[in-house]
Each structure stands twice: as C-alpha cells, then as structure tokens.
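**Student:** Sequence first, predicted coordinates after that:
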Amino acid sequence: MITIAHGEIEIEVYTPSLKLEKQVFNRGNLIKSIDKVILIKIYRNMIRTRCFDEKIKELISEGFHINEHSTLGQEAGPVAACAALNDDDYMMPYHRGWAWGIGKGLDPKYMLAELLGKKTGYMHGRGGVHFACMEKGVLGKSGVVGANIPIAAGVGLAINRFNKKNVCLSFMGNAACNTGSFHEGLNLAALWKSPVIYFCENNFYQISCSYEETTACENLINRAISYDIPGYLIDGNDAIAVYYVTKKCVEYAREGKGPSFIESHTYRIDGHFQKDFHSNGGYRSLEEIEKWKKKDPIELMEKDLLEFEILDKNDMKQILFDAKAEMDNAAKFAIESPYPSKEDFVSGVFAD
C-alpha cells in the first residue's frame, strides 16, 4: 500500500515470513489416545498396500500391462489419512500408487481387475488407472496433475450447499503445487469455506527433477497460508502423526471452518514409474535412497505397536501372510476375469 500525504510517501513492505507454532506431543500418550482398532487397521492396510504393489510389479515382470507409480515408502500417508475419514466422506486420489484406495476400503481384486481392463473392475474395465467408486466416496483419479484440486473445492461447495457434514480429502504430489490449478483451487476453497483437507505428499521430486530445481519456496505450506488456509508440516512416514493431524483437519472442516493443507514429507523408494531406469544412482544418489530406507514407515509403525503391546510379532506375521494370500487371490481373480464386450463399451453412454 502506498499513501501520499503532506509531501510524505508511506509504503508498507511485506516480506515472506512464516509463523511457526511448533507443537510437541508425548508419543506414548498420543498412541494411547487412538483406538487400537484404528491403529491395527492402519498397520494392516499399510501391509496390504505394500503387498499389492509387489503383486503389480510381479505381474508387470510377467508381461501384463499396468501403469504403475509405486507407493513403496509412502504407505503411511494415504492409509493413515483415509483412516481419519468416515465411510460417507469423499476422497479424490492422485497418481501415486494405490494406498488411497486400500485406505478408503476398496477391494484389491476389483482394483486389479480394473487396472487390467477387465469387466469385473470398478468401472468394468473402462477406467483403467483413472477409476472411481462412488459407493466408497472415491471420486476418481484425474489424468491431469493438479486437476483434482479445484474439483475438490467444488465438492466442498456442494457439501455446504446441501448442508451436509461430509468432508473431502484431496491428495496431490508436490509437483501439483506448481500448477495454476493449485492456486485457483485453494483460493476457491478458502473463499467458499469448502470442507476440504488438501493432503500433499512431498517426496522431493517431480519425476527426475528435485524439489530445489522446481520450487521457489522452502515449504509448500507457505502457499496455503497465503490463502488464509491453516497449514501443517508433518513427517509423512509416521502414521501416528499423519492420523492425528488429518483427524484434526477433518474436525475443523466438519465445524464449518473451511479447508486445511497438510504437507507430508516422505520419499518414494522406487522410481517415478515402472520404466524409470535412472532413479537409483542416477538423478538420486544411492546414499540418499539408503537414508530414506532406514525411515521405512511400516517398520516405524511396527515399533510402536510392539512397544505398546497392541500387536506381537506373531500377529504381524499373520497379517503379512493374509495380505500376501489376498493379493494372490486378487491377481487370480483379475487374470481370469473376462474383458468387456463391444456392447459393454457403449453401455451407460446413451439414455435408454
């Protein structure tokens, strides 16, 4: 603002600044405050997600064509965030992996059938990786990076117009925060007080470009704050922290206070996609990858569950055994399922 009065010029200068309110919690007390059923559900779904990823890699190696962006190393974020939702809440996924689907209650056999283009998939083989499941509140994966951000703002507007108490959880990667849709979406969500939780998985890469090469701000929450949206910066490999903060944002949205933004720091162990041959030791050093492997989200969760006697090692072995068996059955179901017929592809297009 510039004001001219009596020969003087008054200028207000604004510089980039971030007000940090650091909150420190006793880990044990926080874990004890969460229902054991929820903690076990989060752990089980993280294991199921990893086994699902491994099964997809196995199928790709056998010649099946699946468009895969591995979740390995990023299981905690989507799974724990979805655990904070109610069954009738909405969720908008993004391209990375399938943790969001398993976290929201989708069945791996129907997911895998859809990925193989089979008639038994969630969209009868017509959606592929861009599938939806309205019964579970999964509103569909966009083919355009960041496109789901303003759509989620619109979902929130509809929720408000119908006086509902649902919320919408919208996922994105850090690359989406450099699109125009990000700024348009956050501005509209803030303007409409949309009950949306924007969850950004910042794994520090846009395909093969590092965060420093592509993004001017130190933290992405700075951008949310510029739209008067509260922001949270968390360790995305810590399922307990993810669940706690997401639950807090869900409650904030249900109270009619508007959107929140969560920046979840995490790391993908594998390449950006199945044919990213320059990831390990190429644009990312082997030392960097090994450092993040030591922060494995599943191992961290296991330590918590063992320490607080929520599960023992035999329980964990059984969960892993069940998850592997489930994915074997899912693959068998998907492979043996029929492809859609010509008639199937035009059904649902024209009115009867």
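**Tutor:** Received, thanks.
**Student:** Determine how far the last residue of stretch 187-201 lies from the first.
**Tutor:** Across its full length, stretch 187-201 reaches 20 Å between end residues, using Cα to Cα, to the nearest Å.
**Student:** Return the set of buried residues in that stretch.
**Tutor:** 187-190, 192, 194-201 (16 or more other Cβ atoms under 10 Å). Backbone N, C-alpha and C define where each C-beta goes, glycine included.
**Student:** same deal with stretch 83-95?
**Tutor:** Residues of stretch 83-95 classed as buried: 83-85, 89-95 (neighbour count, 16+ other Cβ under 10 Å).
**Student:** which stretches of this protein form strands?
**Tutor:** Remark: strands assigned in the chain by DSSP state E are 2-5, 8-11, 90-92, 168-173, 196-202, 205-206, 209-210, 231-235, 260-265.
**Student:** Now do the buried residues in stretch 26-33.
**Tutor:** With the criterion 16+ other Cβ under 10 Å, stretch 26-33 contains buried residues I31.
**Student:** Now do the same for it: mean pLDDT, whole number.
**Tutor:** Taken as a whole, stretch 26-33 has a mean pLDDT of 92.
**Student:** Please state the offset of it from the chain centre?
**Tutor:** 24 Å (Cα atoms, centre = their mean, to the nearest Å).
**Student:** Could you do stretch 32-52 as well?
**Tutor:** Between the mean C-alpha position of stretch 32-52 and that of its chain there is a distance of 15 Å (Cα atoms, centre = their mean).
**Student:** now what about that stretch, what contacts it?
**Tutor:** Contacting residues not belonging to stretch 32-52 are listed as 31, 71-72, 75-76, 78-80, 83, 97-99, 102-103, 108, 111-112, 239-240, 243-244, 297-298, 301-302, 304-305, 308, 310-311, 316, 319-320, 323-324, 326-327, 330 [Cβ atoms under 8 Å, 6 or more residues apart in numbering].
**Student:** How about D228: what's its closest non-neighbour residue?
**Tutor:** Computed as Cβ to Cβ, 6 or more residues apart in numbering, the closest residue to D228 that is not its neighbour in sequence is A190, at 5.6 Å.
**Student:** ok, now which ones touch the one you found?
**Tutor:** Counting by Cβ under 8 Å, 6+ apart, A190 touches 227-229, 258-259.
**Student:** show me where the stretch 251-352 of the chain has helices.
**Tutor:** 286-293, 297-307, 313-336, 342-346 (DSSP state H, counting those that start in this stretch).
**Student:** winner for burial among these?
**Tutor:** Across those, the average number of neighbours (mean count of other Cβ atoms under 10 Å) peaks for helix 297-307, which reaches a mean of 17.
**Student:** Show me how far that helix is from its chain's centre.
**Tutor:** On Cα atoms, centre = their mean, the centre of helix 297-307 falls 20 Å from the chain's centre.
**Student:** again, but for stretch 344-352
**Tutor:** For stretch 344-352, the distance from its own C-alpha centre to the chain's C-alpha centre is 32 Å (Cα atoms, centre = their mean).
**Student:** what about dumping the CA coordinates of it to CSV?
**Tutor:** Output for stretch 344-352, consisting of C-alpha atoms alone and laid out as CSV, is shown next (Å, rounded to 0.1, in the frame of the first residue of the first chain):
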residue,chain,number,x,y,z
ASP,A,344,-20.2,-53.2,-22.8
PHE,A,345,-18.2,-50.2,-24.1
VAL,A,346,-21.3,-48.3,-25.3
SER,A,347,-23.5,-49.2,-22.3
GLY,A,348,-24.1,-46.2,-20.0
VAL,A,349,-23.3,-43.7,-22.8
PHE,A,350,-26.8,-43.1,-24.2
ALA,A,351,-30.1,-42.9,-22.4
ASP,A,352,-32.4,-45.9,-22.7
